[in-house]
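Undergrad: Using only what follows, build the 3D model:
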Amino acid sequence: MDFLSPAIQAYAERYSSPESALLDEIARETRNNHPESHMLSGHLQGRFLALISRLLQPQYVLEIGTFTGYSALCLAEGLPPEGQLHSIELRPAEQETARRYFQQSDKADQLFLHAGDASAIIPALPFTWDLVFIDADKTGYLNYYELVKPRMRRGALIIADNVLFHGQVLEQPVTGKSAKAIQAFNDHVSNDKSVERLLLPLRDGLLLIQKK
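TA: Below is the predicted model of the structure:
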């Protein structure tokens, strides 16, 4: 489900800052070769993630769901020289692609790719997070949220992707497994008095969650 018409999407991209050459290369390779290329954050969402990162200047960034590395490189744009981004990916093929592009980045020494199950990896990372991007299996969102929130500083930001899930959350009743998981996640965050929240209908929906 497209929440913006292709014409408006193209207009918005035209008046947004361009992708870097490396991001453009990742996007083209993913779209040309990956059967799930729709999972790519893409130009407009990528520039949004990069802008948020540059505003926050985060010391420690966590990404849950690396895919081919596009969003990680966007989130890394605001890292200070001593900052670190840690990204978790379960699938070996995506790990290989992301690692190849991480190595080409001018922030390569600040990027750390963790291979495996995020539920096991998150508790083992000894950092206090400033910025977290959740974009992995939808049935895991609630668990990831509860794992990371205690490890975040006050004022830190979680961004959760796909919170409109192709419009399926608007169905009455919600029926798909992933859509039901996203609806449960959205309801859970809505009832969480320890955070401020804003749902943006950008691409497939981004939920911005700030720890009070």
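Undergrad: ok, which stretches of the protein are strands?
TA: Counting by DSSP state E, one finds strands in the chain at the ranges 60-64, 84-89, 111-115, 129-134, 152-161, 195-200, 206-211.
Undergrad: And the helices in the protein?
TA: Under the criterion DSSP state H, the chain carries helices at the ranges 6-14, 21-33, 42-56, 70-75, 92-104, 118-121, 141-148, 177-190.
Undergrad: what's the second one packed up against?
TA: Think helix 21-33. Counting contacts by 3 or more C-beta pairs under 8 Å, 6 or more residues apart in numbering; DSSP states H and E, helix 21-33 is packed against helix 42-56, helix 70-75, helix 92-104. For glycine as for every other residue, the C-beta is placed from the backbone atoms N, C-alpha and C.
Undergrad: Look up how far residue 207 lies from the one residue sitting closest to the centre of the chain.
TA: The central residue of the chain, meaning the one whose C-alpha is nearest the mean C-alpha position (C-alpha atoms, centre = their mean), is residue 133 at 3.8 Å. Per C-beta to C-beta, to the nearest Å, residue 133 is found 11 Å from residue 207.
Undergrad: Find residues that contact each of these two.
TA: 158, 159, 160 (C-beta atoms under 8 Å, 6 or more residues apart in numbering).
Undergrad: okay, now the first one: neighbour count?
TA: Here the count is done by other C-beta atoms under 10 Å, and residue 158 has 24 residues near it.
Undergrad: Pairing partners for it in the sheet, please.
TA: For residue 158, the beta-bridge partners under DSSP bridges are residue 132, residue 209.
Undergrad: was I right about it contacting residue 135?
TA: No - under the contact definition of C-beta atoms under 8 Å, residue 158 does not touch residue 135, with a separation of 11.2 Å.
Undergrad: what about this structure, any weak spots by pLDDT?
TA: For the chain, the stretches flagged by pLDDT under 70 are 1-3.
Undergrad: need the contact list for residue 61.
TA: Applying C-beta under 8 Å, 6+ apart, we find residue 61 in contact with 53, 75-76, 79, 83-86, 129-133.
Undergrad: neighbours around the nearest residue to residue 105 once chain neighbours are set aside, how many?
TA: Leaving aside its chain neighbours, residue 105 sits nearest to residue 73 (5.7 Å; criterion: C-beta to C-beta, 6 or more residues apart in numbering). Neighbours of residue 73 under the rule other C-beta under 10 Å: 27.
Undergrad: Surely residue 73 touches residue 26?
TA: Yes - taking contacts as C-beta under 8 Å, residue 73 lies within contact range of residue 26: 7.4 Å.
Undergrad: Sounds good, over and out.
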